[in-house]
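Novice: Okay, here's the prediction I keep looking at, along with the sequence it came from:
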Amino acid sequence: MSTAPTRTAPTRTAALWAPDWPVVAAMAAADTPAHAPAAVLGGSQRIVAASAPARAAGVGRGMRRRTAQQYCPELVVLPADDARDAALFEPVAVAAETVVAGVEVARPGLLLLGSDGAARYHGSEQDLARELVEAVAAGTGHECQVGVADGFLAAVLAARDETVVPPDGSPAWLAPRPVADLRHARPDDPDLSGLLDLWHRLGLRTLGDVAHLPAGSVRARFGVLGTWARSLTLSLIHI
């Protein structure tokens, strides 16, 4: 007699996110004033990141340079540089490690850490989040946001919302969120963006919709990328 496999509970995870990191790093390297509208131009000659003043003027990710400058003639256009972004993010990681050791740089602008032990040490998950934000601000001058939830995807989205999702509450919190939120797991991947746009056109509106797709059908129709994207939602299938 066979038994159903036991589903492993997602790890309780804290995510520290520095908003708009590519443009923050580019502006710092170029000594661009913080209040200036600025954007980072990728190799495709499209905008990959924009500062808050630039976004307020109508500049958005994916725009061509000429279009962005039509919206914002005073836009400061800066080159993309992955090595620069990584190097300038190192002090952020160092500052975070004054609060808790063992942080993982998922990509420049995003740190991950297991929160269970750290939260107990600092008093609560809310206290851990507050101390991380304060440590980064004091050590680097950069603003960041921290979220805590069960698993990678939920933690990344929680950081964007500056929220602590209660233990075991991540499936219900994630399920109604839009499919487009999967972009934040790999924001610079145009293939993923294309897949998510396709899923939306096919009527898949929420992360819960993706979670309930048959694994074999996803693999056959959407390949490795689709299988990976669906895997991020698997904790939702029991709700």
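Specialist: Done, it's in. None of these values were measured; they are calculated from a predicted model.

Novice: Where does pLDDT dip in the chain?
Specialist: Of all residues in the chain, those with pLDDT under 70 make up the ranges 1-10, 237-239.

Novice: where along this protein do the helices fall?
Specialist: Assigned helices in the chain, in chain order: 21-30, 52-56, 65-71, 82-96, 116-122, 125-140, 152-161, 170-174, 190-201, 207-211, 215-231 (criterion: DSSP state H).

Novice: Quick check: which of the ones you listed is nearest to Ala180?
Specialist: Ala180 lies closest to helix 190-201 among the helices of the chain, at 5.7 Å (C-beta to C-beta). Quick note: C-beta positions are derived from backbone N, CA and C, even for glycine.

Novice: other SSEs contacting the closest one?
Specialist: Judged by 3 or more C-beta pairs under 8 Å, 6 or more residues apart in numbering; DSSP states H and E, the packing partners of helix 190-201 are helix 215-231.

Novice: For the helix it packs on, buried residues please.
Specialist: Within helix 215-231, the residues that count as buried by 16 or more other C-beta atoms under 10 Å are 218, 222, 226, 228-230.

Novice: OK, contacts around the residue most central in space within the chain?
Specialist: The central residue of the chain, meaning the one whose C-alpha is nearest the mean C-alpha position (C-alpha atoms, centre = their mean), is His184 at 4.1 Å. If you count contacts by C-beta atoms under 8 Å, 6 or more residues apart in numbering, His184 has them with 156-157, 160.

Novice: quick one: it from Arg160, how far?
Specialist: With distances taken as C-beta to C-beta, to the nearest Å, His184 is found 6 Å from Arg160.

Novice: repeat for Asp189
Specialist: From Asp189 to Arg160 the distance is 17 Å (C-beta to C-beta).

Novice: I'd like to know how many residues surround Pro167.
Specialist: When neighbours are counted by other C-beta atoms under 10 Å, Pro167 registers 13.

Novice: sorry, that was for Ala101
Specialist: Counted by other C-beta under 10 Å, the residues lying close to Ala101 total 9.

Novice: mind listing what it touches?
Specialist: Counted by C-beta under 8 Å, 6+ apart, Ala101 has zero contacts.
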